[in-house]
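# Here you go, sequence then predicted model.
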Amino acid sequence: MKVIAIGGEPGSGKTTLMKRIIENYKLEPKYDSVKLVPYLQKENIYVLGKYEEGQVFAGTDRMSMAVQPEAIKFLATLPKDAVLLYEGDRLFTASFLESCVGKYDTTIVYLSTNKEIRTERYKERGSDQNETWLQGRETKIGNILTNFVLMFHITKFANNNLEEQERVFEAITADVENYNANG
């Protein structure tokens with residue numbers, strides 16, 4: 001199985017990118033529970049997260065704080081040729097990523113964004129996250145980026161503008177298509 005985890009600081013464009021991937025593959029809700037909402041297109045492409053029309057925050061951020069054990073169980077039920085994508089804070093943790101790296105072909109996509117651009121994005125979406133909370137997220141991401149188990153699975157992308165986002169989108173969809181073609 002292929003796992004593609006998309007992470008970065010708040011405002012780095014994770015949700016925007018994931019919505020574009022969902023739209024590209026024409027994914028539709030297939031399974032619904034309080035904790036998990038994978039989207040399924042073909043028999044093998046899944047996206048974990050809640051992507052509700054008109055919502056500001058989405059992805060795994062709308063899931064329960066205790067979603068990791070449920071997600072681990074869910075991954076074990078997927079077919080061996082499955083491609084699973086997700087973004088967001090609940091599952092972009094060292095422990096969950098380490099469990100994926102240990103069992104699956106895992107790519108960790110880190111979106112790097114200029115702090116001034118992230119700040120502008122916070123204002124545009126009306127975020128009320130305080131500086132302490134934001135610094136905590138930066139520390140968490142820094143710990144993942146320097147984790148010896150994870151660092152060789154991380155691909156870093158700048159995501160400051162639409163052109164850079166296009167490159168990220170193309171890289172992720174190429175990864176999905178390559179895995180589908182070559183397993």
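Looks like it came in fine.
# all contacts plus neighbour counts: C-alpha atoms, from now on.
Noted.
# Next secondary structure after the helix or strand bottoming out on mean pLDDT in the chain?
Ranked by mean pLDDT, DSSP states H and E, the weakest helix or strand in the chain is strand 39-40, scoring a mean of 60. Per DSSP states H and E, the first helix or strand lying C-terminal to strand 39-40 is strand 45-48.
# so which helix or strand takes in residue 98?
Counting by DSSP H and E, residue 98 is part of helix 94-103.
# What are the buried residues along the top strand by length along the chain?
If you go by DSSP state E, the chain has its longest strand at strand 105-112. For strand 105-112, the neighbour count (16 or more other C-alpha atoms under 10 Å) marks 106-112 as buried.
# That strand packs against which elements?
strand 2-7, strand 154-158 (3 or more C-alpha pairs under 8 Å, 6 or more residues apart in numbering; DSSP states H and E).
# what is the rounded mean pLDDT of it?
Average pLDDT, strand 105-112: 96.
# May I have that strand as PDB, with CA atoms only?
C-alpha atoms of strand 105-112 as PDB (Å, rounded to 0.1, in the frame of the first residue of the first chain):
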ATOM      1  CA  ASP A 105       5.400   2.600   1.000                       C
ATOM      2  CA  THR A 106       5.200   6.100   2.600                       C
ATOM      3  CA  THR A 107       5.900   9.500   1.200                       C
ATOM      4  CA  ILE A 108       5.700  12.500   3.600                       C
ATOM      5  CA  VAL A 109       5.100  15.700   1.700                       C
ATOM      6  CA  TYR A 110       6.100  18.800   3.700                       C
ATOM      7  CA  LEU A 111       4.800  22.100   2.500                       C
ATOM      8  CA  SER A 112       7.100  25.000   3.300                       C
END
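# And it, how far out from the chain middle?
What separates the centre of strand 105-112 from the centre of its chain is 8 Å, taken as C-alpha atoms, centre = their mean, to the nearest Å.
# Fine by me, thanks again.
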